[in-house]
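S.K.: How does the following fold in three dimensions:
(2 chains)
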Amino acid sequence: MNIIPGYVELVEILMACGFADRKSYFDAVSHDLGFDFEPGQELRAFLLKIRENENWSIKVAADVFSEIKDSVIFFCDFPERTGGEILLEDSIESLANDFEEKSRCVVNSILSSNLNFSQEEVGKILEGDLSIVPEAVNKAEDLSENTTWFITQLINFPRQSKEILLFALKEMKKYYEESGLRKKNRDQIAEKLKLFGSDQYSEIAEGFLDFYGIKAREDLPLHLLFQNTLKYSGLKFASSCNAQLIVFSEHFKQIEEIMNPLVTDNTLRLFLRNLSDQTKMQILKSISDEPKYVDELAKLVGLSKATVSYHLSTLSELALVKSRKDHRRVYFSLNKERLEKILKGLETLYDEGEN
Amino acid sequence: MEIVTGYFEIYDLTMAIQFSLNTGPVEKVLKMLGVDYEPSSQLLEFRETLLKDEEWSTRMYITFMNELGVMAPILFPIRQKLQDGMQVTIEESLNVTEEGIELIRDRFIQVFADRRLKISHDELNRMISEEPQKVSKAIEAIGGVSPDTVWFVHQLLFFPKTAMDFLSSKTMRILDYYEGSGLRDLNTRLVKGYIESSSPQKIKDAFSNYLDYYDIVLDETKPVYITLQNSVPHTNSGLMTYPTFHLLIMGLEEVTEDFSGRIPQEVRLRSFLKVLSDETRFKILKRLSREPATQKDLVEFTGLAKSTISYHMGLLFKSSLIDVDPFSSIICVRRETVSRAAADIRNLLNLRDKK
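M.R.: Residues are numbered from 1 along each chain as shown, chains lettered A, B, ... in the order given. Okay, here's the model as predicted:
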């Protein structure tokens, strides 16, 4: 597999918007994973402009970027060579020229990743059979009204969606610059880009796919897109059309520790801390006999789907649960081998002093 | 297993002294364990008078009563035939004959020889008469206690009569404070009332729930003495083990509320995991697994305040993660507690032990 580390500036805006209405979510995840996150003054200034904005297009776009960024990301072009970068201006221009084709890939990703349709269903929908879409969109409780509306527009009226999106991006680009976030990120990225040539990044990417059991296509390049806005935000794999990518950040250092074949003390402690949480323990217990999907779990533990999803995302990052897609649902199950390994670590934690 | 329950008022007083000297840590431990606790006005009044008394002998007395907390049963032995429901006042505990002094000294020697010097009782007796210098050195070397305590231990071994006179007269003085604050009246009323109106089986049931909660396995060949206290009604001394018996000073409201029913495995596992997964405690346990240490060592190791360490120790001791030697304040890790927790997690999550 050809792994290409690079930088796409637009990704930073998607990440920044992700923080706009879900600060508490990120705070909770970073707490569970054992580190502190403090958004800098630049990110705060950017978010303030977004939150205080009265413009309807910007509001829609911010929600969409926040909630389905792993699909919206396919509006971007990706660098073809290691250490390559694509500036915000280039992304916007390319989107203006090539909207129809890109939009098809975004819709494809929304249908399979966000709405959990099977490949056959996605095929049918893209050929024009929209009959099953409205029901699925309505059922997606973790998406806001703005986002479900945008998804419907994108499928039915791609041309009108283009206007909204381009307008919002041009505005956001202004805020990105005025807040100082662009300069801050660029300064930090300039150094990084030189290092991207080393094999270190390919190794991390391969280790990551392997550890979390993600199957990437060998025949396609894999883009590693670095982002600096949310330093702790997890590694994410996404694929659509003929593109596949991982968004990564400084956070890979934490992930590397979690992926360490020897369970480190810190990983063990995070495991214990997460298990001491009532909801997480309940979730793990309920999937210990058979896999369950988010709806079922939400009913079992008596919490909203969004809350359960948040707990599942932390548990997934610690590789305590595995997921599998089946009939438009994602089933979560215990990663028993991993748990066994961690429990062995717990049992031998205090042995070293024995001799 | 033989279990005898009753009220030895002197332990209610030692609990009040301990609270007075460690108010912050005691309150923090209770909060961490999820207990709502408001000290009684009588206890606060007792504390105020006690801390106001600046006489050197009072300072000495409360220092070693606090530091030798787990030694108190040796200093105030039980001379009657023990039976359920017995009540012994402080005055009765202090009424020590010549014979009594010898008994106390003898028990003290036994524990000191066994725990601290790892030699036989007879051997230590021989050393006291033939090589007093060596014994003095061993006392000086007791880790983690103040010079006041060292002084008292010295007196007890070489001048038992003086030591006991000192102990009695100072206890009488503190007893005045205990009475004057109204705490004695409050405690006696509530504890006597409880003992006279309820079956001793209720205390035994609470004890069994306590053992279950903290996952403690007892050496069943020794009898267990459970004595109630009401100074800090939601707390207990932690189970103390001596050469010939176990002792637990249990809070009255632990019997009537906290441990009145069996606590579900999940709840106790969760609270155990909270205690274990804290960063500082995790570090401390790792340190202790290499080699037992005193509280003073841990203060140096972590760079934290003595009261903070004492809070962490309180939690770890209560959760049965550490043993505190009654003589030398040396603390070591109880590995079996960790193994049992791992087994509980396996059980909860349906994981088979592949060992």
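S.K.: what packs against the helix or strand harbouring B:Arg107?
M.R.: Following DSSP states H and E, the helix or strand that holds B:Arg107 is helix B:98-111. Contacts defined by 3 or more Cβ pairs under 8 Å, 6 or more residues apart in numbering or on different chains; DSSP states H and E place helix B:98-111 against helix B:72-75, helix B:121-130, helix B:147-158, helix B:160-180. For glycine as for every other residue, the C-beta is placed from the backbone atoms N, C-alpha and C.
S.K.: Let me know which of those helices is tucked in deepest.
M.R.: helix B:72-75 (a mean of 22; mean count of other Cβ atoms under 10 Å in any protein chain shown).
S.K.: what lines up beside the helix or strand following it in the sheet?
M.R.: Downstream of helix B:72-75, the first helix or strand assigned by DSSP H and E is strand B:86-88. Looking at strand B:86-88 with DSSP bridges, its partner strands are strand B:3-8 (parallel).
S.K.: How far off centre is the strand it pairs with?
M.R.: 15 Å (Cα atoms, centre = their mean, to the nearest Å).
S.K.: Contacts for the following helix or strand past it next, please.
M.R.: Downstream of strand B:3-8, the next assigned helix or strand under DSSP H and E is helix B:9-21. For helix B:9-21, contacts defined as Cβ atoms under 8 Å, 6 or more residues apart in numbering or on different chains pick out B:26, B:39, B:43, B:46-47, B:50-51, B:62, B:65-66, B:69, B:72-73, B:76, B:87-90, B:93, B:171, B:174-175, B:178, B:183-184, B:187-188, B:191, B:227-232, B:235, B:237, B:249.
S.K.: again, but for stretch B:344-354
M.R.: The contact list for stretch B:344-354, computed with Cβ under 8 Å, 6+ apart, reads A:275, A:281, A:284-285, A:288-289, A:334, A:336, A:339-340, A:343, A:346, B:215, B:265-266, B:269, B:343.
S.K.: Which residues of the stretch 201-350 of chain B lie near chain A?
M.R.: For the stretch 201-350 of chain B, the residues in contact with chain A (Cβ under 8 Å from any Cβ of the partner chain) are B:266, B:269-271, B:273-274, B:276-277, B:279, B:282, B:285-286, B:288-291, B:333, B:335, B:338-339, B:341-342, B:345-346, B:348-350.
S.K.: While we're on the nearest residue to A:Tyr310 once chain neighbours are set aside, how confident is the model there?
M.R.: Among residues not flanking A:Tyr310 along the chain, A:Tyr25 sits closest, at 5.9 Å (Cβ to Cβ, 6 or more residues apart in numbering or on different chains). With respect to pLDDT, A:Tyr25 has a value of 75.
S.K.: Quickly note the distance from A:Tyr25 to chain B.
M.R.: According to Cβ to the nearest Cβ, to the nearest Å, A:Tyr25 stands 22 Å off from chain B.
S.K.: That residue sits in which helix or strand?
M.R.: Counting by DSSP H and E, A:Tyr25 is part of helix A:23-32.
S.K.: State the next helix or strand along the chain beyond that helix.
M.R.: Next helix or strand after helix A:23-32 toward the C-terminus (DSSP H and E): helix A:41-51.
S.K.: May I see the buried residues of that following helix?
M.R.: By neighbour count on 16 or more other Cβ atoms under 10 Å in any protein chain shown, the buried set for helix A:41-51 is A:42-43, A:46-47, A:49-50.
S.K.: Quick check: mean pLDDT of it?
M.R.: Averaging pLDDT along helix A:41-51 yields 92.
S.K.: picking that back up, from the contact counts, what lies against the helix holding A:Tyr25?
M.R.: helix A:265-275, helix A:305-317.
S.K.: Dump those helices to JSON lines, plus mean neighbour count and mean pLDDT.
M.R.: Below are the helices and strands packed on helix A:23-32 laid out as JSON lines (neighbours: other Cβ atoms under 10 Å in any protein chain shown; pLDDT from 0 to 100):
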{"stretch": "helix A:265-275", "mean neighbour count": "20", "mean pLDDT": "90"}
{"stretch": "helix A:305-317", "mean neighbour count": "19", "mean pLDDT": "88"}
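S.K.: orientation of the helix holding A:Tyr25 relative to helix A:305-317 in degrees?
M.R.: In terms of direction (axes from the mean of the first three to the mean of the last three Cα atoms, to 10 degrees), helix A:23-32 departs from helix A:305-317 by 30 degrees.
S.K.: For B:Met164, find the nearest of the helices and strands packed on helix A:23-32.
M.R.: helix A:265-275 (47.5 Å; Cβ to Cβ).
S.K.: which residues touch the closest one?
M.R.: Under Cβ under 8 Å, 6+ apart, the answer for helix A:265-275 is A:32-34, A:257-258, A:260, A:280-281, A:284, A:314-315, A:318, A:320, A:342, A:345-346, A:349, B:270, B:273-274, B:276-277, B:279, B:282, B:286, B:345.
S.K.: List only buried entries from those.
M.R.: With burial judged by 16+ other Cβ under 10 Å, the buried subset of these is A:32-34, A:258, A:280-281, A:284, A:314-315, A:318, A:320, A:342, A:345-346, A:349, B:270, B:273-274, B:276-277, B:282, B:286, B:345.
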